[in-house]
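K.L.:
Need a 3D model of the following:
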Amino acid sequence: MIRPAMNSLSDFIDFTSVWVTEGFARDDVPTNGYECFTINQSPDSITKFVPVQSTLYTATLKCTPSSSPGGNYIHWYIQKPNKELKRILYTLDENAVYDSGYNNEKFVTGKKNSEYSLTVKKLNIEDSGTYYCAVLQYFQKTQCIKLKIVLEIQFLLRKSPLCKDASVKRFGTGTKLSVISSQSVSEPKATILSSSEKEVQKTGKLIYMCVIQNFYPDVIKVVWNKEGNTADLAAEQGDIVLDDQLKTYSLTSWITVDKADYGKRFSCKYKHEGVTSASQWGSTSIGEGKAKKSIDVDDQSESCPNRNNSYFENVLLKPTTYQAAYITYTLLLLKSVLYCPILVLTYKFAA
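P.N.:
Next up is the predicted model:
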């Protein structure tokens, strides 16, 4: 969900006042029984290969509120890359009211049980963007008890009434639609790297890094799990990076594990439309004290060998090794110097 940046208390109050009267729902502000109301959209992404000038392709986006909107309208929005959010239409059941520039020849709504849908017809590259489903909920004056603290702050700074009619618009998770004419969906390839045993002994912790590469499009969800526990672990994630040559994406996600858990099995799971399973989830695992690959926290460059490994210790760094090499080279040089006069004398006598 898109939210304006809040850098100060005044920014927060500005946003809160908008929220109270007509704005976006905030996850951290209770809303009189609606605090658990969520809107799930599926799938997370859709990629459609559409030949140039073809009008035969469509894409259907789904929206499922966690409870009935209760007679309130379903709103559909689109946000194109680097553009503002724009509403396409709002609807109750299948009777849609379209905003300027949109019509039912391009966008068709539907409903089946508690699931709402938006079908985009005659796909072209201009249809690419992220589509959001939203529900506008209304509150009476008697319903704003749980907003009391927020409204009191508003009252102190703005001198506005403590209680008034309000509305909240809750947005779904969004579906990214990519319409392309050349690139195809690519399944992610994942590998887990582990910090070296030396680093584990030094710090008492180890790092597992999940490197996910060669996927397209760039919409992906990554979570970590530990064996025997289905809860998602706290993890860090880098930026999604585009490979200009391959036109695919990659990212890294990592977790820090206590030494006591070293040897337990950990799984890096990722959801992407390129995964062939029905759930679109793929995974790779590591555990039992054996890493697939090893990384050193101090130096992760693969092009330069670790100077602490046995090769350098046993061969290149021992003084006796250098001395033996020096003596061997000196003997060979002396031998060649002695052979030279002998060869000259032999040649003269032969002549």
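K.L.:
what about the stretch 201-350 of the chain, any weak spots by pLDDT?
P.N.:
Within the stretch 201-350 of the chain, the ranges that satisfy pLDDT under 70 run 288-350.
K.L.:
And the strands in it, which stretches?
P.N.:
205-215, 221-226, 236-237, 241-243, 248-258, 266-271, 281-286, 293-295 (DSSP state E, counting those that start in this stretch).
K.L.:
what's the fourth one packed up against?
P.N.:
Where contact means 3 or more Cβ pairs under 8 Å, 6 or more residues apart in numbering; DSSP states H and E, strand 241-243 is packed against strand 248-258. For glycine as for every other residue, the C-beta is placed from the backbone atoms N, C-alpha and C.
K.L.:
List the buried residues for the strand it packs on?
P.N.:
Within strand 248-258, the residues scored as buried using 16 or more other Cβ atoms under 10 Å are Thr248, Tyr249, Ser250, Leu251, Thr252, Ser253, Trp254, Ile255, Val257.
K.L.:
Stretch 84-102 too?
P.N.:
Ile88, Leu89, Tyr90, Thr91, Ala96, Tyr98, Tyr102.
K.L.:
The closest residue to Ile207 other than its chain neighbours pairs with what?
P.N.:
Nearest non-adjacent residue to Ile207, counting by Cβ to Cβ, 6 or more residues apart in numbering: Ser195, 4.5 Å away. When assigned by DSSP bridges, Ser195 has beta-bridge partners Ile295.
K.L.:
With Phe37 as the reference, measure out to Thr119.
P.N.:
Distance of Thr119 to Phe37, computed by Cβ to Cβ, to the nearest Å: 25 Å.
K.L.:
can you check Gly110 too?
P.N.:
22 Å.
K.L.:
How about Ser114?
P.N.:
13 Å.
K.L.:
where do the contact lists of the two overlap?
P.N.:
Residues touching both Ser114 and Phe37 by Cβ atoms under 8 Å, 6 or more residues apart in numbering: Pro65.
K.L.:
And those two? Which one has more around it.
P.N.:
Neighbours were counted for Ser114 and for Phe37 using other Cβ atoms under 10 Å; Phe37 has more, 16 against 12.
K.L.:
pretty sure the more buried one is touching Ser66, no?
P.N.:
Yes. With contacts counted by Cβ atoms under 8 Å, Phe37 reaches Ser66, the gap being 5.7 Å.
K.L.:
how about the strands in the stretch 51-200 of the chain?
P.N.:
59-65, 74-79, 85-92, 95-98, 107-112, 115-120, 129-139, 166-171, 175-180, 189-195.
K.L.:
now those as a markdown table including mean pLDDT?
P.N.:
Below are the strands of the stretch 51-200 of the chain laid out as a markdown table (pLDDT from 0 to 100):
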| stretch | mean pLDDT |
| --- | --- |
| strand 59-65 | 94 |
| strand 74-79 | 96 |
| strand 85-92 | 93 |
| strand 95-98 | 92 |
| strand 107-112 | 93 |
| strand 115-120 | 94 |
| strand 129-139 | 86 |
| strand 166-171 | 81 |
| strand 175-180 | 93 |
| strand 189-195 | 94 |
